[in-house]
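Visitor: Below: sequence and its predicted model.
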Amino acid sequence: MGVSAEDLLAEPVSRPPVPTFAEYIPTVSAAVTDGTRRVYGSYWNRIAEHWGHRHLDEPTPSEIKQLVEYVKVNVVARRNARGGRSAGEHLIAALRCLYRHAEDDKLITHADNPARKVAKPRRLPSTRRAVADTRLAEINETAATTGNDPALDSL
């Protein structure tokens, strides 16, 4: 198992106390780029709302899955909604970022990181498609015949 008798007799390595999510999220938010903060900020707010009082080492992978399902169910429904899959994926990514910083700060170990044990939902194939040739012809005809400058509009 890779453990010697001396390892068992040695004093345990003391780690700093593990902060709560409410205490640690601002630290991570200040350490990431503006783009990362913009993408993950709303998810960190949701995590702080639900688990702000809890310490980073408390949630289990099952609890993370429950939070993902909660976020997916309560996502803002839009016309192009796909059942909250992207919201679930982004929540897991935000948690992984948070826990990766906690690992780097020696607050938790790699093995204690529950976000690594939760799989991201697979992305569905894109719903984007090219405009059909007949529809494109209609758009071009309308643009060429209804504008103020038909020659320019038909280009």
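Guide: Yep, that arrived.

Visitor: care to break the protein down by domain?
Guide: As given by the TED database, the domain ranges for the chain are 15-124, 125-154.

Visitor: In the protein, which helix is the longest?
Guide: Counting residues, the longest helix in the chain under DSSP state H turns out to be helix 85-104.

Visitor: pLDDT averaged over it, what's the number?
Guide: Averaging pLDDT along helix 85-104 gives 92.

Visitor: Would you check how far apart Ile64 and Leu91 are?
Guide: For Ile64, the distance to Leu91 equals 8 Å [C-beta to C-beta, to the nearest Å]. To be clear about C-beta, it is placed using only N, CA and C from the backbone, and glycine gets the same treatment.

Visitor: Ignore what I typed, I meant Arg129.
Guide: Distance from Arg129 to Leu91, by C-beta to C-beta: 29 Å.

Visitor: who has more neighbours, those two?
Guide: A direct count of neighbours by other C-beta atoms under 10 Å for Arg129 and Leu91 places Leu91 higher, at 28 against 6.

Visitor: so that one touches Leu67, yeah?
Guide: Yes. Using C-beta atoms under 8 Å, Leu91 is in contact with Leu67, at 6.8 Å.

Visitor: Pull up the overlap in contacts between those two.
Guide: 46-47 (C-beta atoms under 8 Å, 6 or more residues apart in numbering).

Visitor: Determine the number of other residues adjacent to Ser154.
Guide: Neighbour count of Ser154, defined by other C-beta under 10 Å: 12.

Visitor: for the spatially closest residue to it that is not a sequence neighbour, what are its contacts?
Guide: Excluding the flanking residues, the one nearest Ser154 by C-beta to C-beta, 6 or more residues apart in numbering is Ala144, at 3.5 Å. With contact set as C-beta under 8 Å, 6+ apart, Ala144 has these partners: 150, 153-154.

Visitor: possible to save those residues as a markdown table with secondary structure, pLDDT and distance to Ile25?
Guide: Formatted as a markdown table, those follow (DSSP: H, G, I helix; E, B strand; the rest coil; pLDDT from 0 to 100; distance: C-beta to C-beta, whole Å):
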| residue | secondary structure | pLDDT | distance to Ile25 |
| --- | --- | --- | --- |
| Pro150 | helix | 75 | 57 |
| Asp153 | helix | 76 | 52 |
| Ser154 | coil | 73 | 54 |
